[in-house]
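S.K.: Here's my sequence, what's the structure:
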Amino acid sequence: MTWLNRRRFLAIAAGLAAAGPVGTARAGLHEWQGVALGARARILIAHPEAQAICTAAAAEIARLEAIFSLHRPDSALARLNAQGELAAPPFELLACLALCDSVHGATAGLFDPTVQPLWALYAARFSAGSAPQQAEISEALQKVDWKAVQIDSDRIRLAPGQALTLNGVAQGFIADRVAALLRDRGLRDILIDTGELRALGPQPDGRPWPVHLGAGGQVDLVGRGLASSAALGTSFDAAGRVGHILDPRTGHPAPARWRLVTVTAPEAGLADALSTAACLMPDAAGIRAAVARFAGARLDHLA
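M.R.: Residues are numbered from 1 along each chain as shown. Sure thing, here's the model as predicted:
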C-alpha cells in the first residue's frame, strides 16, 4: 500500500477564515463533499439551486473517474494499460495527454506519465516489506519513455510493457472539467476541490478564496487553479521516507529538498503537472523557468 497520511495536508490545507465557517448562514455557502480519484473532494457554492448543481458536478466527477481511475478495471486508462492500446479514446483522455506532452517538453522530460511500471514496482515491493533492488529498477526504467507512446484521435498505443499513470495531473484536470461544466451553465463564485483546487471566480462577496498552505503562507485564489506537491507528500513506506514522485531518469524517488511546491495557473491540471515535476528540480530558478513557459502560470510557494 502507499501511505497517504501527509499528502492531503500538504496539498490543500485550504481554510476559509475570511468567509466564516462553511455551512453557516453568515458564510452563505453550501458545501458538497465526496471523493474524486480516491481523494476527498468538495464544492463550495452560494446559489439557491446549490444542491442540484452539486449533484450535476458529482455526476461529472463520476464520469471522469471512469476515464482516469487506475483502480477501476473498466476505466479507459486501466484498459489502455492492460491491453497496450485503446481505440476511440475519450476526448478527455486525449486532452489530458496533450497537456502531459506540453509539460513533458517544458520540464525536459521530468514530467513523464510512463513511470507507472516503476510506481507499481515500488508499491509492490514495499507492500511485501522491502525496497526494490537496483536491477529491478533498471528493468522497469526500460519501459519509461513518453516519446514511445503513440497518440492520435483514433487510437492510443503504448510500447510493449508500458503503462501510464495520470496521478500527477488528473485531479487538477477533473477540477477543470467540473469548472467548465458549471461555467457553461452561467455559474461562477465557486470553489472546486478534487485534491487540487479550481476557483471559478471569487467568493460570493467578491473577495478571493484564501488558501492556507500546510507549510505556511497563503494564496488568494480567483478564477485560477492551484496545486501543491511534496516529495514526501505520499510515501511508499510507513516511515514516510520513500516518496511517491519518481524520477524518470534514475528510477529513484525525488529527494526531499522541497517540503512544498505550490503552483497556480489558469487551469488546475497545468498547475498539478507543473508542481509534480518541480519536486524533481534541483533549484528554484529551474522551477520558475519551467513554469514561465506557460502563460499565466506562477510559482506561488516554495519551501
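S.K.: Report the mean confidence score over the host helix or strand of C100.
M.R.: Assigned by DSSP states H and E, C100 belongs to helix 91-106. For helix 91-106, the mean pLDDT works out to 98.
S.K.: Specify the beta-bridge partners of the nearest residue in space to P89 that is not next to it in sequence.
M.R.: Nearest residue to P89 in three dimensions, chain neighbours excluded: I156, at 5.1 Å (C-beta to C-beta, 6 or more residues apart in numbering). To be clear about C-beta, it is placed using only N, CA and C from the backbone, and glycine gets the same treatment. On the basis of DSSP bridges, I156 is bridged to L86, I151.
S.K.: hang on, isn't I156 packed against A148?
M.R.: No: at 11.9 Å, I156 does not count as touching A148 under the criterion of C-beta atoms under 8 Å.
S.K.: Which one's more surrounded, these two?
M.R.: Each of I156 and A148 has its neighbours counted (other C-beta atoms under 10 Å); I156 has more, 22 against 13.
S.K.: Tell me how far that one lies from V219.
M.R.: According to C-beta to C-beta, to the nearest Å, I156 and V219 sit 35 Å apart.
S.K.: got a list of what L302 touches?
M.R.: L302 makes contact with 258, 260-262, 278, 284, 287, according to C-beta atoms under 8 Å, 6 or more residues apart in numbering.
S.K.: Any idea what it is bridged to?
M.R.: Beta-bridge partners, per DSSP bridges, of L302: V261.
S.K.: Quick check: the gap between H301 and T276.
M.R.: H301 sits 15 Å away from T276, going by C-beta to C-beta.
S.K.: In terms of neighbours, single out the busier of those two.
M.R.: Just comparing H301 and T276: by other C-beta under 10 Å the higher neighbour count belongs to T276, 26 against 22.
S.K.: before we move on, the earlier item: from Q83, how far off is the residue nearest to P89?
M.R.: For I156, the distance to Q83 (C-beta to C-beta) stands at 10 Å.
S.K.: same question, R185
M.R.: R185 sits 36 Å away from Q83 when distances are taken as C-beta to C-beta.
S.K.: related to what we said a few turns ago, weed out the non-buried ones from the contacts of L302.
M.R.: 258, 260-262, 278, 287 (16 or more other C-beta atoms under 10 Å).
S.K.: Including distance to T234, could the residues you listed go into JSON lines?
M.R.: Formatted as JSON lines, those follow (distance: C-beta to C-beta, whole Å):
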{"residue": "W258", "distance to T234": "14"}
{"residue": "L260", "distance to T234": "13"}
{"residue": "V261", "distance to T234": "14"}
{"residue": "T262", "distance to T234": "16"}
{"residue": "A278", "distance to T234": "16"}
{"residue": "I287", "distance to T234": "20"}
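S.K.: ok, of the residues you listed, which one's closest to A120?
M.R.: The shortest approach to A120 among the buried ones among the contacts of L302 belongs to A278, at 23.6 Å (C-beta to C-beta).
S.K.: from what I can see the closest one touches A230, true?
M.R.: No: A278 lies out of contact with A230 (C-beta under 8 Å); the separation is 10.2 Å.
S.K.: Between the two, which contacts overlap?
M.R.: 258, 261.
S.K.: mind checking the backbone torsions on Q218?
M.R.: In terms of degrees, to the nearest 10, the main-chain angles of Q218 are phi -140, psi 140.
S.K.: Outside of stretch 92-111 itself, which residues are in contact with it?
M.R.: In contact with stretch 92-111 (C-beta under 8 Å, 6+ apart) are residues 64, 67-68, 76-77, 80, 86, 112-113, 146, 149, 151, 153, 156, 166, 168-170, 173, 177, 247-249, 269-270, 273-274, 276-277, 280-281, 290, 293-294.
S.K.: how about a cut-off of 6 Å?
M.R.: Stretch 92-111 is contacted from outside by 67, 76, 113, 146, 151, 173, 269, 273, 277, 280, 290, 293, using C-beta atoms under 6 Å, 6 or more residues apart in numbering.
S.K.: Would you mark the buried spots in it?
M.R.: Using 16+ other C-beta under 10 Å as the test for burial, stretch 92-111 gives 92-93, 96-97, 99-101, 103-104, 106-107, 109-111.
S.K.: what do you get for stretch 79-88?
M.R.: Residues of stretch 79-88 classed as buried by neighbour count (16+ other C-beta under 10 Å): 79-81, 86.
S.K.: First-to-last residue distance for it?
M.R.: 12 Å (C-alpha to C-alpha, to the nearest Å).
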